[in-house]
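S.K.: Just need the structure, nothing else, for what follows:
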Amino acid sequence: MVRERAQAGHRGAAALLADWRVDDPSVTEAARELTDTVLAEPVGTVRSSYSMGNTAQRCAAFLAACTDAQATPEDDKKSITRLRERVAAHLLLWAEDRNDMADRRSSAIRALSILAESLPVPVRTDMFERLMTLYQDPGEHPVDTFERRSLHPLSRFKIDTGGDWRLPAEILHAAAVFATTTEQAIRVEQHLLPQLTRPERKRGQGWLQARTVLALDHLAPAQTSLIATHPSQFLRQTAVICWGRAAHRDPDLARVFAEDSNTGVRHNLAHTLTELPPDERPRYQSITERLRTDNSARVRQAAAHIP
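M.R.: Numbering: from 1, shown residues only. Below is the predicted model:
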């Protein structure tokens, strides 16, 4: 049904197929159309007006779902692989563009992160280095400067879109996604860990930090004992996932997670316990019984699947 609607020209249905990573001609067609729009976005020029939206992210999502399965040698220059690299290169230039506003640059970086896993390792390595350089000095558009100054305690009015913290945070998250070696992951972690010792200043900051920790975990295992009791619920939820992935788990942390006040943490714990090796499960029997009688129906439902 969804595929039929997508092939009939319904863009929402095609977007759903892209989210499901279904390689369909409708997804490829939408990806090519959006690619033209993104590549036409001017970069490095001073403008009097700027458009806002999520076109770049939608383009990246479509491109990530496509393959070149039906391509011919004559299509090489327009292959999905080539288009991904062209769009990624343009998005990075957009992110580096100090003539653009922080919010739009953040959007370009989010789109770039979506494409990371589908890019060749040499391309990822080059982009990782550029992202790390950008993180050190992202620059500031006059609009962002005006916004930052409006946040002064004595200012008569305030404008706060989060650009002062979101752009660096998005850059660091993108660098984590683009990392392909342990050494690269550790470099990102060295910038991230000091931030985790400070309280969350803005709404959404903890969520983005948690995503960064999760992206690094497969190369540089997270220090779950440090974030298991973090003030941010998102970091605590991530701590459970990283704890479950670890080669060696501290059983005492399971009790900490089970007693957490956040439902998401306890739900993640229940889901993680279902995936533990059979020989490990007996040591968490008391934790399992506690989760099966949890106050949250969502947690109880997840715990019911623990063998």
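S.K.: Just the buried positions in stretch 209-229, please.
M.R.: 209-217, 219-222, 224, 227-228 (16 or more other CB atoms under 10 Å). (Glycine included, C-beta is placed from N, CA and C.)
S.K.: show me the contacts for residue 95.
M.R.: 105, 108, 109, 112, 131, 134, 171, 174 (CB atoms under 8 Å, 6 or more residues apart in numbering).
S.K.: Point to the residue nearest the middle of the chain.
M.R.: Note on the chain: the residue nearest the mean C-alpha position is residue 211, at 5.5 Å, using CA atoms, centre = their mean.
S.K.: Apart from its chain neighbours, what residue comes closest to it?
M.R.: Leaving aside its sequence neighbours, residue 211 sits nearest to residue 173 (CB to CB, 6 or more residues apart in numbering; 5.7 Å).
S.K.: Verify the stated contact: the one you found with residue 213.
M.R.: No - Residue 173 is not in contact with residue 213 according to CB atoms under 8 Å; the separation is 9.7 Å.
S.K.: Now the common contact residues for the two.
M.R.: In contact with both residue 173 and residue 213: no residue, using CB under 8 Å, 6+ apart.
S.K.: okay, now the domains of the chain?
M.R.: The chain breaks down into these domains under automatic domain parsing: 117-220, 223-307.
S.K.: For those domains, please prepare TSV with the additional fields mean pLDDT and distance to residue 96.
M.R.: Formatted as TSV, the domains of the chain follow (pLDDT from 0 to 100; distance: least, CB to CB, whole Å):
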stretch	mean pLDDT	distance to residue 96
domain 117-220	87	6
domain 223-307	95	28
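S.K.: what's the closest of these to residue 93?
M.R.: For the domains of the chain, the distance to residue 93 is smallest for domain 117-220, at 9.6 Å, taking CB to CB.
S.K.: picking up where we left off before, strands - which of the contacts of residue 95 land there?
M.R.: Among these, no member falls in strands (DSSP state E).
S.K.: quick one: which of these is nearest residue 123?
M.R.: The shortest gap between residue 123 and any of the contacts of residue 95 belongs to residue 112, at 11.3 Å (CB to CB).
S.K.: got the contact list for residue 207?
M.R.: Contacts of residue 207 (CB under 8 Å, 6+ apart): 232, 234.
S.K.: any idea how far it lies from residue 139?
M.R.: 25 Å (CB to CB, to the nearest Å).
S.K.: Outside of stretch 130-137 itself, list whatever touches it.
M.R.: 92, 95, 96, 168, 171, 172, 174, 175, 178, 187, 188, 191.
S.K.: need the residues you listed in JSON lines with distance to residue 289, can you?
M.R.: Below are these laid out as JSON lines (distance: CB to CB, whole Å):
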{"residue": "92", "distance to residue 289": "51"}
{"residue": "95", "distance to residue 289": "49"}
{"residue": "96", "distance to residue 289": "54"}
{"residue": "168", "distance to residue 289": "44"}
{"residue": "171", "distance to residue 289": "45"}
{"residue": "172", "distance to residue 289": "40"}
{"residue": "174", "distance to residue 289": "42"}
{"residue": "175", "distance to residue 289": "42"}
{"residue": "178", "distance to residue 289": "43"}
{"residue": "187", "distance to residue 289": "43"}
{"residue": "188", "distance to residue 289": "39"}
{"residue": "191", "distance to residue 289": "41"}
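S.K.: Filter these down to just the ones in helices.
M.R.: Cross-referencing the contacts of stretch 130-137 against helices under DSSP state H gives 92, 95, 96, 168, 171, 172, 174, 175, 178, 187, 188, 191.
S.K.: Closest one to residue 45 out of the residues you listed, please.
M.R.: Using CB to CB, the ones in helices among the contacts of stretch 130-137 come closest to residue 45 at residue 96, 13.4 Å.
S.K.: Relative to residue 106, how far out is the residue nearest to that closest one when sequence neighbours are not counted?
M.R.: In this structure, residue 96 finds its nearest non-sequential neighbour in residue 134, 5.8 Å apart by CB to CB, 6+ apart. Here the criterion is CB to CB. By it, residue 134 lies 12 Å from residue 106.
S.K.: Next, count neighbours for residue 256.
M.R.: Neighbours of residue 256 under the rule other CB atoms under 10 Å: 19.
S.K.: Now do the same contact list for it.
M.R.: Listed by CB under 8 Å, 6+ apart, the contact partners of residue 256 are 228, 229.
S.K.: Residue 263 contacts residue 297, correct?
M.R.: No - contact criterion CB under 8 Å: residue 263 and residue 297 do not qualify, at 9.7 Å.
S.K.: Give me the more crowded residue out of these two.
M.R.: Neighbours per residue, other CB under 10 Å: of residue 263 and residue 297, the larger number sits with residue 263, 16 against 9.
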